[in-house]
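Colleague: What follows is a predicted structure for the sequence shown.
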Amino acid sequence: MKAFINRCLLVISLVYLFYGCAASPKPTEPVIMPEKPIITETISLAEEMKENYSRKNFDGIIKIYEKREKEFTGTDTLKPVILSYLWRKSFDQIVKIAEEKLANMPNVDDREVNLIVGISYYEKGLFEASRRILSNLYESGYRHELLNIYLSLIFMKKNQTSLALSVSAEIEDQSKKNYIQGKIFFNEGSYEKALERFSNTSGYKDIEDHIIQCLYYLGKYNEILKIYEEKKVQLNRRTAAVIASVLISNGDIKRAEELLKGLPDQEKTGSFYRNIGLIYDIYFEDKEKARELYNKYLTEVNDEEVTSWIAN
């Protein structure tokens, strides 16, 4: 009987063990999720340039251009570069882009780009190329203050006074209009009109230079000396030459020499050596000193007249 009871307990234990194990959840294997790829968002070169320009990162734009120049093949990428070089006043670089890249693009119709290129040609002394670009812009109906200013200056250089005055008359800023028209009249030899325009101009550092030159050609020497005595003019190689000439005409040669010698070193260039050379040549009769000064002048300026002075 005891043995029977033990067998029953054993069976019950086995049944419980079996069903208990069956009922309990089996341990699950860890699920390995597929690895997600890293997504990187790329932007086009044009968008990169536009973003840098909106942040006024001009130096950054130029660095990118210099490193990846071959990738810049359209006005959408080149325009921020041109504007950045304009900010630096690197007109030679703008001309280089115009001749090496824009020239190979048919019908560059971005007017602002063409305006900047035309201005850059002017600043580099390439006046005919500048005239062609700016005239085409003007004739197309495009109007911009800088277009009128530079086109007026080009017509002035070509002695087309009526055209220069007509284009400059459209400049809205009165001081800028007076300044440009003063230059036009001065170039024409109409010194009274030039003086009137310059006298009603403000905001230009060299306005006193122009006023003094007008007074000189009008023979108003006393007015020049008054301006000089009242220290209303900054001495530079242009104004000093005029004032020295007035002093010499009044017989004050020594003072004229001291004035020219007292110029800041950065102004002692070009015409400075010619003018002080003339003083030593004519008034002090020091031919050796005059020749030395003339030779310094000729290292900077090709002047056949001064060369003949040395020869004689």
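Modeller: Nice, I can see it.
Colleague: And the residue positioned nearest the centre of the chain, how far from residue 64?
Modeller: Note on the chain: the residue nearest the mean C-alpha position is residue 89, at 2.0 Å, using C-alpha atoms, centre = their mean. Separation of residue 89 from residue 64 (C-beta to C-beta, to the nearest Å) stands at 20 Å. Heads up, the C-betas are built off the backbone N, CA and C, glycines and all.
Colleague: just residue 217 next, same as before
Modeller: Using C-beta to C-beta, residue 217 is found at 51 Å from residue 64.
Colleague: Repeat that for residue 250.
Modeller: Plainly put, residue 250 is 61 Å away from residue 64 if you go by C-beta to C-beta.
Colleague: and those two? which has more neighbours close in?
Modeller: residue 64 (21 against 13; other C-beta atoms under 10 Å).
Colleague: Make sure that one is actually in contact with residue 57.
Modeller: No. At 9.4 Å, residue 64 and residue 57 do not qualify as touching, with contact defined as C-beta atoms under 8 Å.
Colleague: Tally up the residues packed near the closest residue to residue 232 other than its chain neighbours, please.
Modeller: In space, residue 232 comes closest to residue 208 once its chain neighbours are excluded; the distance is 7.0 Å by C-beta to C-beta, 6 or more residues apart in numbering. The burial count assigned to residue 208 is 17, neighbours taken as other C-beta under 10 Å.
Colleague: can you offset everything so residue one is 14?
Modeller: Got it, first residue is 14 now, which makes that one residue 221.
Colleague: ok, and residue 221, which helix or strand is that part of?
Modeller: Secondary-structure assignment from DSSP states H and E places residue 221 in helix 220-230.
Colleague: Same question for residue 269.
Modeller: Short version, using DSSP H and E: residue 269 is in helix 266-274.
Colleague: Kindly report the same for residue 165.
Modeller: With secondary structure defined by DSSP H and E, residue 165 is part of helix 158-170.
Colleague: What of residue 178?
Modeller: Per DSSP H and E: residue 178 is located in helix 174-181.
Colleague: Any buried residues in the helix or strand following that helix, and which?
Modeller: Toward the C-terminal end, the helix or strand that comes next after helix 174-181 (DSSP H and E) is helix 187-201. Using 16 or more other C-beta atoms under 10 Å as the burial criterion, the residues of helix 187-201 that qualify are 189-199.
Colleague: Can you tell me which of the residues you listed is nearest residue 169?
Modeller: Top of the list for closeness to residue 169, among those and by C-beta to C-beta, is residue 197 at 4.9 Å.
Colleague: Report pLDDT for that closest one.
Modeller: In the prediction, the pLDDT value recorded for residue 197 is 97.
Colleague: For it, give me its contacts.
Modeller: Contacts of residue 197 were listed using C-beta atoms under 8 Å, 6 or more residues apart in numbering, and they are 165, 169, 174, 177-178, 181.
Colleague: If any of those are buried, give me the PyMOL selection for them.
Modeller: The following PyMOL command selects only the buried members of the contacts of residue 197, with burial defined by 16+ other C-beta under 10 Å:
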select buried, resi 165+169+177+178+181
